[in-house]
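Asker: Quick one, what's the 3D model for this:
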Amino acid sequence: MDANFSLTDLTYDGLDRLKTVTGGDSIGSSSLTYDTFGNIKTYNSKDNKLVYKYDTSSRLETATKDNSEKKRDSGDEEEDTDEENADEIMIVEKLR
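Answerer: The predicted model follows:
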């Protein structure tokens, strides 16, 4: 078994939802956040951040790959900047 591809630790929040996964160097670690309705809000992994948006009935509308970066300006303050366009990876049509 290659330890670089192994999971070594899983943590859960108070509602038994997966919160963090610690993995070997090849797969890295990941984390999830949830909204007040229990829907996945963000998923962060080694090289990706996915942001999930839901409609008012908690149906998934979009899952977007967030490519924002942190950069420092001349005043050494961190500033969020987005690459030209975030890659939209999935759009779920609303059912009427």
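Asker: Residue 33 and residue 41 touch, don't they?
Answerer: Yes - if you go by CB atoms under 8 Å, residue 33 and residue 41 touch, sitting 4.6 Å apart. (Glycine included, C-beta is placed from N, CA and C.)
Asker: Poorly predicted segments of the protein, please.
Answerer: Residue ranges of the chain with pLDDT under 70: 67-96.
Asker: Which residues are in contact with the residue nearest to residue 49 when sequence neighbours are not counted?
Answerer: Computed as CB to CB, 6 or more residues apart in numbering, the closest residue to residue 49 that is not its neighbour in sequence is residue 66, at 4.4 Å. The contact partners of residue 66, taken as CB atoms under 8 Å, 6 or more residues apart in numbering, are 42, 49, 50, 51, 86.
Asker: Need those in CSV (columns: secondary structure, neighbour count and distance to residue 57).
Answerer: Output for the contacts of residue 66, formatted as CSV (DSSP: H, G, I helix; E, B strand; the rest coil; neighbours: other CB atoms under 10 Å; distance: CB to CB, whole Å):
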residue, secondary structure, neighbour count, distance to residue 57
42, strand, 14, 20
49, strand, 16, 25
50, strand, 18, 21
51, strand, 17, 19
86, coil, 14, 24
